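1. Give the three-dimensional model of this entry:
(2 chains)
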Number of protein chains: 2
Amino acid sequence: MTDLALAIDLGGTNIRAGLIDPSGTIVTQAETRTRAMDGPIVVLDQIAALAAQVLQGTEVKGVGMCSPGPIDTLKGQTFFIQTLAGFEGFPLRQALSDRLHLPVQVENDGISGAVAELCFGAGRAYQDFVYATISTGIGGGIVVDGRPLRGRRGMAGHIGHMAFHRDWPRHKGGKLPAFEDYGAGPALTARAMALAAKTPTSPLHSEILDARAVYRAAAQGDHLAQSLVHDEAELLGMGFASLAHILSPQAIILGGGMAQAWDQLQPTLQASLDAHLKPGFEGIPILRAELGTTSSLIGAAALIFRPELASSHP
Amino acid sequence: MTDLALAIDLGGTNIRAGLIDPSGTIVTQAETRTRAMDGPIVVLDQIAALAAQVLQGTEVKGVGMCSPGPIDTLKGQTFFIQTLAGFEGFPLRQALSDRLHLPVQVENDGISGAVAELCFGAGRAYQDFVYATISTGIGGGIVVDGRPLRGRRGMAGHIGHMAFHRDWPRHKGGKLPAFEDYGAGPALTARAMALAAKTPTSPLHSEILDARAVYRAAAQGDHLAQSLVHDEAELLGMGFASLAHILSPQAIILGGGMAQAWDQLQPTLQASLDAHLKPGFEGIPILRAELGTTSSLIGAAALIFRPELASSHP
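-> Have a look, this model is predicted:
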């Protein structure tokens, strides 16, 4: 047997598989488009094919898999995956273990990303931190006393569902607007489209907009785009302040697609967090995730190398 | 030496001292009005006098003290206590230990309350729960894997500062409205006064209002008061839903003055939480704190009986 772990990152768009060594380095990897509408059996076939491709007969210590939550990682069972059809109440760990004939750990992808940063990234220096991943949604993982906070069913860290709104009586019965409804990529894009439509002079006016386009225009000096980036950073900082008061972390680590605009976001993001912290809570740095878009994949492997960080020991 | 611990609950209104036995029972207690504006030396004199009164020469295992936060419980130092003058950067643990010639543990009162419920109350059956205390503010303590979550400086659990609001751009630069600004007693009173002023037929119209008066009128069948209680319960349930997604607790325990209206709040409170939970998070019970207004005092003593739950070991 080698020292390597097989890691699988199951997403609504892509499935990624990697062979990862104990230092967190990806030795080899492969990716395929998820057949998201075809149900778990087809998706397991895809995972098995991808695993065979990266393994090429290599024997590994174990398999770590992450997926969009919520997963009950004590039972190894999904509840419902928004981006994948047919995963309601699916016994993911057992099904994958049966297919690969290997022990499998499953993990919520936010926690997986946090574990990666704890073992190999920006969280190495800390015992208590929040990892926030901002992309098409907002997810996360919380580390307390050097261990991931899991809670009931292993599902803690769904920080994107943190919600609170001023006008609550007016919205009674409606969906409660959540952190991710304001802070994630699609919200930034929606604000950009609304503003650009009203501003014919903006270079954003005639563009097909996404978050990337906003950051690009801001970098090129467009004031409208710059104000959108400023607002985005302020908003994220406000959400982080709530988390800081609840959890008192030593640091907050920003990952996900939004972290690619780190240099543009960082000054206002940190200032916004600082401005909303109560006495005693000051001085919490926001750091950029070091493992980028592969953090969840690497974290899934870390659960094999450091089983004391895993939620279950099959 | 006896088996007893001396507990001190320092509040902005009252200071309470108690001799507490290892089962969490208060053997004897005394209380005095806090000289809140006279600074820490005078307050320490008050504490010492109160301690002498309950001790009557009894030798105790140690002293546990709680106070409104935030306290850096690793250093034993306050940052700023809103309701007490002169406590900025005060070395509370050392000063009290010097005064009483005994080892002292200091704790944020929300965490202290959570520890009490964990050891002796509604949290005994759980490893992971949130304790929320709703009175003139909202505080709390979080228990993870059977231990209080402390975080940096031991200040986690300030759930009342959780903030998020829909209209954030309109409030840019302003104070971010927080959970306690909507959910605590004064907010309920303010809503009641605004509504009662417009409703001459309500029995609340001519009353000097506080939260108690609202609950009393609701119990007597007043529709306006009942709608206020309903709103309060909904609002608290929304805040609890945010905490549930972040922490995935097995239970949420409601304490503080607001818990005195438990029977009136409970059905809507639980329904509101349930309505705002994502798939997989369902089924988190809200329980009434069992130790009432003495929970923080008892929790401070529990830190002496179970030093493994304390943040520092002097």
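2. Now for A:Gln56, how many residues are close by?
-> 8 (other Cβ atoms under 10 Å in any protein chain shown). Placement of C-beta: from N, CA and C, glycine included.
3. And A:Ala48, by the same measure?
-> 15.
4. Secondary structure of it: a strand, I assume?
-> No. Counting by DSSP: H, G, I helix; E, B strand; the rest coil, A:Ala48 is not found in a strand; it is helix.
5. Correct me if wrong: it contacts A:Asp98.
-> No. A:Ala48 is beyond contact range of A:Asp98, at 10.4 Å (criterion: Cβ atoms under 8 Å).
6. For A:Asp98, which residues are in contact?
-> Shown in contact with A:Asp98 (Cβ atoms under 8 Å, 6 or more residues apart in numbering or on different chains): no residues.
7. For it, what is the enclosing helix or strand?
-> Assigned by DSSP states H and E, A:Asp98 falls within helix A:92-100.
8. List the neighbouring strands of the following helix or strand past that helix plus their orientation.
-> Counting by DSSP H and E, the element after helix A:92-100 in chain order, helix or strand, is strand A:104-108. According to DSSP bridges, strand A:104-108 forms sheet pairs with strand A:63-67 (parallel).
9. can you list the weak-confidence ranges in the stretch 51-200 of chain A?
-> For the stretch 51-200 of chain A, the stretches flagged by pLDDT under 70 are A:164-176.
10. can you do 80?
-> For the stretch 51-200 of chain A, the stretches with pLDDT under 80 are A:69, A:163-177.
11. Contacts only, for whichever residue of it sits closest to chain B.
-> The minimum distance from the stretch 51-200 of chain A to chain B, using Cβ to the nearest Cβ, falls at A:Gly151 (3.0 Å). The contact partners of A:Gly151, by Cβ under 8 Å, 6+ apart, come to B:Asp128, B:Val144, B:Leu247, B:Ser248, B:Pro249, B:Gln250.
12. List the residues that contact the residue nearest to it when sequence neighbours are not counted.
-> Spatial nearest neighbour of A:Gly151, chain neighbours left out: B:Ser248 (3.0 Å); criterion: Cβ to Cβ, 6 or more residues apart in numbering or on different chains. B:Ser248 is in contact with A:Arg150, A:Gly151, A:Arg152, A:Arg153, A:Gly154, A:Met155, A:Ala156, A:Gly157, A:His158, B:Asp128, B:Phe281, counting by Cβ under 8 Å, 6+ apart.
13. A:Glu31 too?
-> Contact analysis of A:Glu31 by Cβ under 8 Å, 6+ apart lists A:Asn14, A:Ile15, A:Arg16, A:Ala17, A:Leu50.
14. Report the beta-bridge partners for it.
-> On the basis of DSSP bridges, A:Glu31 is bridged to A:Arg16.
15. Distance-wise, check A:Pro307 relative to chain B.
-> Shown here: A:Pro307 relative to chain B, a distance of 16 Å by Cβ to the nearest Cβ, to the nearest Å.
16. next one: A:Trp262
-> For A:Trp262, the distance to chain B - Cβ to the nearest Cβ - is 22 Å.
17. Count the residues that sit near that residue.
-> Look at A:Trp262: counted by other Cβ under 10 Å, it has 14 neighbours.
18. Tell me what the nearest residue to it once chain neighbours are set aside is bridged to.
-> Spatial nearest neighbour of A:Trp262, excluding adjacent residues (Cβ to Cβ, 6+ apart): A:Arg288 at 4.7 Å. Following DSSP bridges, A:Arg288 is listed with bridge partners A:Leu254.
19. tell me the mean pLDDT over the longest helix seen in chain A?
-> Assignment by DSSP state H gives helix A:223-247 as the longest helix of chain A. Average pLDDT, helix A:223-247: 95.
20. That helix to helix B:223-247, inter-axis angle?
-> 90 degrees (axes from the mean of the first three to the mean of the last three Cα atoms, to 10 degrees).
21. Return the distance of helix A:223-247 from the chain's centre.
-> Its chain's C-alpha centre and that of helix A:223-247 lie 17 Å apart, by Cα atoms, centre = their mean, to the nearest Å.
22. tell me which residues in it are buried?
-> A:224-226, A:228-247 (16 or more other Cβ atoms under 10 Å in any protein chain shown).
23. Among these, which ones lie close to chain B?
-> With respect to chain B, and counting by Cβ under 8 Å from any Cβ of the partner chain, the subset of the buried residues of helix A:223-247 in contact is A:Asp231, A:Glu234, A:Leu235, A:Met238, A:Gly239, A:Ala241, A:Ser242, A:Leu243, A:His245, A:Ile246, A:Leu247.
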